[in-house]
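A.B. asks: Structure for the following, please:
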Amino acid sequence: MLMLVVTAAVLGSAGRPAAAERCGLVASGQPDPFGLMAQLSGNFVPPVPVAPVKRSSASTQSPSPINNPWNVFNRQPTTLDSFNAFQQIMTLLGKRRKRQSGLYEQLTRVRRETEAVKARVRRIVGGYDAIPGQLCWQVKIQIGDVRDETICGGTILGSRTVLIAAHCLYNSETRRRISDRNVIVVVGGMNRDVGEVYGHDTTGCAEPFGIQQSIVHPNYNYDLNDNDIGILILNRPIDLDHKPCACSACLTARTPQVAEWCVVSGYGEESSDGSNDRDPVPLKWTQLQIRHQDYSGSCAFNSFPARGGFGGQRTNLDLFLCAGAQKWEDTCQGDSGGPLICLDPVKKTYYQAGIVSFGDDCGAGTGGQYTRVAAYIPWILANTAGDVTVDL
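C.D. replies: Prediction:
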């Protein structure tokens, strides 16, 4: 059974440790909810990647345009689509990668950016459907309105604090900040529809929250993705003492080691183009291995040619963790901002090591990049007014 080390004898009204002292403890009652504890005994069995089975139109309900705002990109793009997308990309100075050069690589970039024009976000491919309480720190963040909505993930760190990727809070076409009034945080939802007017909460525990303030790291770089971290301050507290579908992940200075296995989660696409999605898409999780960080191409990164306005700059990989690279197990469009969660081997609790930031095609075999949370602890504490504590 999961054991939690309580660092302060602060008890709630029910005689149990207060919410801040129970971080990283799942509410599903599972002794090893993600299979990560087997790493401690050397018995961990890596997931076996399985190629996704294409769903036939006869057996799959087509999502409505409202339910799937990326629906336009699920059809075969025309030459005009690619041309228009390329114009937008060049205007926006969107993501570039060192390996993308020449005509074939340029067309590949156009296709990738066409899929990303509506939102620079990522989602889960492969993995497992979550059960209630298993991912109690995960939230869904609805950005925009019913006519033009995108989705990101986020992580509960305190009763009024949610950690998110900075890029989720920007309009990808205008590069302007999204208004706080157009951001809704949904706690406890078990599928992507929960929180929408047409959604159905099967647990009776899900709850939407508005935000009082959004905070983006002052050194966030939209083009390189450096410092891709933000904070949402909710307009009222989550009842972490009595809400079984909500909990906080631990915040700690620990960083996972290369070859260690961690967990990512989200509500997103189940394939790169969304054609394999169920309706509604469930909250899912998968195990990813931490990889050696470098510019060899085994991990994604953004770069610009020396002749461009950015003078040969590229993503500062010291600010990220690289994870994944096994085929068909990955984050993908829509998981952006969600948590990379690892197991503390001493306390046997779960802490947030990373934030889903960016990567190449979903499940293609290249490691994705996750903002290294431990590097930002002083900034997080300075902007959360005592709502978040560090699990020492």
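A.B. asks: Which helix or strand contains Gly368?
C.D. replies: strand 367-372 (DSSP states H and E).
A.B. asks: list the buried ones in that strand?
C.D. replies: Neighbour-count burial for strand 367-372, counted by 16 or more other Cβ atoms under 10 Å, picks out Gly367, Gly368, Gln369, Tyr370, Thr371, Arg372. All C-beta atoms are positioned from the backbone trio N, CA, C, and that covers glycine.
A.B. asks: Ok, stretch 232-247 next?
C.D. replies: Leu232, Ile233, Leu234, Ile238, Leu240, Lys243, Cys245, Ala246, Cys247.
A.B. asks: ok, which pair from the residues you listed is furthest apart?
C.D. replies: Ile233 and Cys245 (20.8 Å; Cβ to Cβ).
A.B. asks: What ranges in this protein fall below the confidence cut-off?
C.D. replies: Scanning the chain for pLDDT under 70 picks out the ranges 1-21, 48-126, 146, 270-275, 305-311, 327-328, 330, 363-364.
A.B. asks: three-state assignment of Gln289?
C.D. replies: strand (DSSP: H, G, I helix; E, B strand; the rest coil).
A.B. asks: and His167, which of the three is it?
C.D. replies: His167 carries the three-state label helix when classified by three-state DSSP.
A.B. asks: That one is in contact with Gln369, isn't it?
C.D. replies: No - His167 lies out of contact with Gln369 (Cβ atoms under 8 Å); the separation is 11.6 Å.
A.B. asks: returning to what we had before: which residues are contacting the strand holding Gly368?
C.D. replies: Residues outside strand 367-372 that contact it (Cβ atoms under 8 Å, 6 or more residues apart in numbering) are 122, 165, 225, 227-229, 255, 264, 288, 291, 298-301, 315, 317-325, 330-331, 340, 353-360.
A.B. asks: The following helix or strand past it: which residues count as buried?
C.D. replies: Going down the chain from strand 367-372, the next helix or strand is helix 377-382, by DSSP H and E. Across helix 377-382, burial judged by 16+ other Cβ under 10 Å covers Trp379, Ile380.
A.B. asks: All further residue positions should be reported with the first residue as 6.
C.D. replies: Got it, first residue is 6 now, which makes that one helix 382-387.
A.B. asks: Excluding covalently adjacent residues, which one is nearest to Ile236?
C.D. replies: Leaving aside its sequence neighbours, Ile236 sits nearest to Ile220 (Cβ to Cβ, 6 or more residues apart in numbering; 4.4 Å).
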